[in-house]
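Student: next comes the sequence, and after it the predicted model I'd like to discuss.
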Amino acid sequence: NRNGKEFKEKLLTQLMGEVKKSVEDLLAVAHSGEEAVKDAPESARAAVRIHLFTLLFEDCSRLCVQLVEGSGAIELMVQLIGVAQEALQGAPAVGRETPKWITPMLLFIDLYEKVVLAMKRRDAMASICSHSWKWFDVGAGKWQGYQPGNNKTINDAFWAGEPSVKFTTGRRKYNIQFGAMMQANEETGNRRPLMITLKRDEKEADTAVERRGRWKKEDSAAAPGEKKEEEDKDESENTTTESTAAPVEANTAEPEKMETSQTDAEKQETIDSIAAKSTPPPHTTYKCSGLSSDQSQALLRAAVGLIAVPVEPDALNAILRLCLRLTRTFSQATLFAELGGIKLLLGLKQASSFSGFSSLASLLVRHVLEDDLTLKHTMEKIIRSSAATSTAATTKELHYLLRSLAPAACRQSDTFTSVARDILRVDISLLSKRGEPEDDHRLLVKSLLGKASAPAPPLKDVSKSVISDLLDFLVQSDPDEPLESDQVGDIIGKSDDIAELPTSVASILNSGTVAVQGSSTRGPAVVRQISSELIPGEKKEEVVKDGKETKEVEDARKKRHLLPKSAVCRLLAEMVKSYAGCARLITEHVYQAGITDLVKEDCTALAFILDELLTSTKDKESATLVKMLVAALASCNHAPEAQTSLVTEVKNALTRALSLPECSMKHTKVQSLTGLIS
């Protein structure tokens with residue numbers, strides 16, 4: 001930006017051209033079959049250029065999207081990823097090395113789709129939003145306007161596509177993040193929600209009967225759907241997680257007041273009037289297209305194939321992030337499940353571990369379960385719960401309430417709009433009693449009572465198969481179980497005996513830590529680097545021997561499942577709470593004898609969970625999360641059959657525990673089962 005707009009456009013255009021050329025060169029190499037794509041010199045060149053363009057993408061999002069779609073590079077990338085996936089699957093297991101360019105290319109496509117989604121949402125806002133911005137005063141429960149200068153600064157930055165903007169009011173400095181629609185005081189850290197207001201009817205400016213700023217009936221009817229687009233324009237699932245609205249930090253003792261706040265009605269109307277008449281910044285009319293349905297399906301097929309290889313952890317992270325974005329529609333999620341994506345995720349080992357895997361895997365499973373009817377039923381429960389559990393009248397203000405529902409609105413906007421319009425109503429009884437209701441312009445809402453007799457929608461066959469796969473995973477045995485933790489501690493303790501070593505070597509050992517997948521124990525890598533002259537003969541033999549033993553433990557851990565059984569129990573508990581049909585499927589699931597080594601005779605899934613996982617010592621979190629699953633099943637008032645099955649299974653499990661011969665395990669089982677009852 002320092003060198004001007006023309007320089008920026010020229011630089012990005014040239015860089016996009018080099019990215020496209022690199023992809024074309026890699027495609028030519030792949031089709032020629034003379035050498036592996038990963039070994040070609042174009043591989044490193046493409047990785048660097050794609051990574052560089054990705055770094056510049058969010059700063060110049062609109063321009064970058066135009067350049068990407070104008071160049072046609074996305075179609076070439078989709079073809080290249082498909083060819084590379086076939087080549088990797090056809091290669092021998094020893095030679096399956098992940099190409100350097102595949103991770104930045106997958107992240108590039110994911111970021112492109114994310115920016116396109118944000119652009120479409122922002123373009124949809126242009127026709128229904130004014131240029132007036134407000135922040136929420138928690139103490140008063142009202143939205144307050146900004147002074148004209150600050151309002152213009154915020155508005156210009158938003159429509160220019162900036163992710164954030166800073167402004168100063170008196171001695172206070174504020175930072176606004178448009179992605180979360182939050183305003184933060186840089187000194188105190190206090191955070192306030194903000195919003196862009198909807199357009200008023202132009203006739204309000206000429207009438208003396210209605211005061212400026214008053215909401216009309218048409219506004220309130222359309223507010224849930226329209227405001228949803230305002231609040232959630234930049235929200236998307238990545239990561240991590242489905243995104244959530246940031247919490248509001250309120251100081252109840254001395255609530256912070258911005259010097260721009262206008263509590264006087266006439267001043268507030270003046271601010272709104274100036275903002276409404278202000279000239280908006282130039283807004284480009286470029287319509288982005290995004291990935292086509294065929295491209296999305298091709299990427300999903302290639303992604304499932306790459307998971308089956310499997311690729312290195314960084315590439316796997318990028319694959320799951322892209323799959324999470326592509327499976328937002330149920331048809332694509334169904335394709336992912338039918339291709340075996342969920343089974344492949346359950347089969348991954350610790351060697352593919354990366355931070356955040358459990359969250360991405362859980363969200364992918366949720367997408368497969370959320371068909372249109374199930375998603376609508378779940379959204380209805382969430383909206384009713386949000387409107388009913390709020391005790392303070394100020395937090396029932398429409399726009400404030402919709403902020404907490406932002407993840408649901410982002411999930412599927414049309415469904416959310418329809419449900420919110422059907423069940424949310426203005427609650428006049430919560431308005432101020434000191435004057436007429438017409439004097440209070442807030443929209444305090446309530447939810448209509450649901451029909452008690454309305455049955456929950458049944459789950460689709462693909463959703464049932466996914467739940468069955470999750471339950472079958474619980475009886476899988478981890479191959480080559482590692483040594484117990486106390487044995488590992490003994491081994492590490494011997495290697496850590498550094499009393500006889502020089503000070504410099506001791507400091508190296510204390511600071512050098514080798515991360516082991518799934519463990520925080522120190523490995524022997526630094527020990528093996530120590531010169532043999534510094535270690536006495538007996539100690540040297542111990543270090544070599546202990547190094548081999550620790551390596552065996554490390555190798556055994558890498559062969560364990562990446563998703564622990566406790567995480568599957570947590571996911572099942574969340575699914576029982578969210579989706580009505582899951583409880584009965586879990587309680588009715590039966591394991592056939594011999595399905596794995598852990599199942600000796602026919603038994604129900606609940607019987608195995610209560611007998612084995614509730615008292616498991618291999619997973620520290622297993623007992624806690626099994627209790628969470630049992631609690632979720634016990635609270636399913638909509639499925640009395642599941643509750644009855646749960647009670648029966650707990651009684652049977654207690655009977656089996658009491659029939660065991662006297663041993664410590666018997667008392668552990670009885671204690672755990674009675675803890676469930678009490």
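Tutor: Nice, I can see it.
Student: mind listing what's buried in stretch 319-336?
Tutor: 319-328, 330, 332-336 (16 or more other CB atoms under 10 Å). The way it works is simple: take the backbone N, C-alpha and C, and place the C-beta from them, glycine included.
Student: for stretch 611-631, same thing?
Tutor: Buried residues in stretch 611-631 (16+ other CB under 10 Å): 611-615, 619, 622-623, 625-630.
Student: show me what the one helix or strand Glu24 maps to is packed against.
Tutor: Glu24 is part of helix 5-32, with elements assigned from DSSP states H and E. Packing partners of helix 5-32 (3 or more CB pairs under 8 Å, 6 or more residues apart in numbering; DSSP states H and E): helix 41-57, helix 61-71, helix 73-90.
Student: what's Thr168 sitting at in phi/psi?
Tutor: phi -120, psi 140 (degrees, to the nearest 10).
Student: verify the contact between it and Asn185 for me.
Tutor: No. Between Thr168 and Asn185 there is no contact under CB atoms under 8 Å: 11.2 Å.
Student: quick check: neighbours shared by those two?
Tutor: Listed as contacting both Thr168 and Asn185 by CB atoms under 8 Å, 6 or more residues apart in numbering are Tyr174.
Student: comparing the two, which shows the higher neighbour count?
Tutor: The neighbour count for Thr168 versus Asn185, taken as other CB atoms under 10 Å, is higher for Asn185 (17 against 11).
Student: which residues touch the more buried one?
Tutor: Asn185 neighbours (CB under 8 Å, 6+ apart): 172-174, 191, 256.
Student: among the residues you listed, which one lies nearest to Ser61?
Tutor: When the contacts of Asn185 are compared for distance to Ser61 (CB to CB), Tyr174 wins out at 23.4 Å.
Student: confirm that closest one sits in a strand?
Tutor: Yes. Assessed with DSSP: H, G, I helix; E, B strand; the rest coil, Tyr174 lies in a strand.
Student: where's it relative to Ala406, distance?
Tutor: To Ala406, Tyr174 is 21 Å away according to CB to CB, to the nearest Å.
Student: try Ala631
Tutor: To Ala406, Ala631 is 27 Å away according to CB to CB.
Student: again with Arg570
Tutor: 23 Å.
Student: ok now the helix holding Glu24, how far from the chain's centre?
Tutor: The gap between where helix 5-32 is centred and where its chain is centred comes out at 31 Å by CA atoms, centre = their mean, to the nearest Å.
Student: one more: stretch 578-596?
Tutor: Here stretch 578-596 is found 26 Å from its chain centre; the criterion is CA atoms, centre = their mean.
Student: list the buried residues of it.
Tutor: In stretch 578-596, counting by 16+ other CB under 10 Å, buried: 578-587, 589, 591.
Student: buried residues in stretch 598-608, which are they?
Tutor: Residues 599, 603-608 are the ones in stretch 598-608 that count as buried (16+ other CB under 10 Å).
Student: ok, residues contacting it?
Tutor: So stretch 598-608 is in contact with 471, 474-477, 586-594, 611-612, 645-646, 649, 652-653, going by CB under 8 Å, 6+ apart.
Student: give the rounded mean pLDDT of it.
Tutor: For stretch 598-608, the mean pLDDT works out to 90.
Student: start and end of it, how far apart?
Tutor: This stretch, stretch 598-608, spans 9 Å end to end (CA to CA, to the nearest Å).
Student: off-centre distance for it?
Tutor: 33 Å.
Student: what of stretch 135-153?
Tutor: Offset of stretch 135-153 from its chain centre (CA atoms, centre = their mean): 30 Å.
Student: also stretch 109-120?
Tutor: With CA atoms, centre = their mean, you get 16 Å for stretch 109-120.
Student: can you point out the buried residues in that stretch?
Tutor: 109-120.
Student: likewise for stretch 156-166?
Tutor: Of the residues in stretch 156-166, 157-159, 161, 165 count as buried by neighbour count, 16+ other CB under 10 Å.
Student: in helices only, show me those residues.
Tutor: Of the buried residues of stretch 156-166, the ones assigned to helices by DSSP state H are 157-159.
Student: and the helices in the stretch 101-250 of the chain, which stretches?
Tutor: 102-125, 148-159, 217-231 (DSSP state H, counting those that start in this stretch).
Student: for this structure, which spans come out with low pLDDT?
Tutor: When residues are selected by pLDDT under 70, those of the chain lie in 1-2, 33-39, 93-95, 200-285, 389-394, 430-442, 452-454, 478-549.
Student: please enumerate the strands of it.
Tutor: Along the chain, counting by DSSP state E, strands occupy 129-137, 142-145, 164-169, 172-177, 182-185, 191-198, 424-426, 445-447, 590-591, 603-604.
Student: the longest one pairs with which strands, parallel or anti?
Tutor: What it means is strand 129-137. Paired neighbours of strand 129-137 in the sheet (DSSP bridges): strand 142-145 (antiparallel), strand 191-198 (antiparallel).
Student: now the buried residues of stretch 578-596 in CSV, with distance to Ile677?
Tutor: Putting these into CSV (distance: CB to CB, whole Å) gives the following:
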residue, distance to Ile677
Ser578, 26
Tyr579, 26
Ala580, 25
Gly581, 27
Cys582, 23
Ala583, 19
Arg584, 22
Leu585, 24
Ile586, 19
Thr587, 17
His589, 23
Tyr591, 24
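Student: out of those residues, which comes closest to Leu67?
Tutor: Ser578 (40.5 Å).
Student: distance-wise, check that closest one relative to Ser32.
Tutor: Taken as CB to CB, the span from Ser578 to Ser32 is 50 Å.
Student: returning to that earlier point: inside helices: which ones of the buried residues of stretch 578-596?
Tutor: Filtering the buried residues of stretch 578-596 for helices - DSSP H - leaves 578, 582-587.
Student: and those residues, which is closest to Ser566?
Tutor: After measuring those against Ser566 - CB to CB - the closest member comes out as Ile586, at 15.9 Å.
Student: contacts only, for that closest one.
Tutor: 467, 471, 572, 576, 605-606, 633, 642.
Student: nearest to Asp422 among those?
Tutor: Among the contacts of Ile586, and counting by CB to CB, the member closest to Asp422 is Val576, at 25.4 Å.
Student: mind listing what the closest one touches?
Tutor: Contacts of Val576 by CB under 8 Å, 6+ apart are 582-583, 586, 629, 632-633, 636.
Student: how does it look with 7 Å?
Tutor: Val576 sits next to 582-583, 586, 632-633, 636 when contact means CB atoms under 7 Å, 6 or more residues apart in numbering.
Student: who's in contact with the residue nearest to it when sequence neighbours are not counted?
Tutor: With CB to CB, 6 or more residues apart in numbering as the criterion, Val576 has its nearest non-adjacent residue at 4.1 Å, and that residue is Ala632. Under the criterion of CB under 7 Å, 6+ apart, the neighbours of Ala632 are 573, 576-577.
Student: same check on Lys100?
Tutor: 43-44, 47.
Student: sorry, back to before: now the strands of the chain as CSV including distance to Leu676?
Tutor: Listed next are those as CSV, based on distance: least, CB to CB, whole Å:
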stretch, distance to Leu676
strand 129-137, 43
strand 142-145, 47
strand 164-169, 48
strand 172-177, 44
strand 182-185, 41
strand 191-198, 40
strand 424-426, 38
strand 445-447, 33
strand 590-591, 21
strand 603-604, 16
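Student: right, so of the ones you listed, which gets closest to Leu55?
Tutor: Comparing the strands of the chain by CB to CB, strand 164-169 comes nearest, at 17.2 Å.
Student: and the closest one, what does it pack onto?
Tutor: helix 148-159, strand 172-177 (3 or more CB pairs under 7 Å, 6 or more residues apart in numbering; DSSP states H and E).
Student: that older thread, closest to Tyr400 among the buried residues of stretch 319-336?
Tutor: Arg328 (26.2 Å).
Student: contact partners for that closest one?
Tutor: His367 are the contacts of Arg328 under CB under 7 Å, 6+ apart.
Student: now the one 4 residues further on
Tutor: Taking CB under 7 Å, 6+ apart, we find Gln332 in contact with 296, 300, 326.
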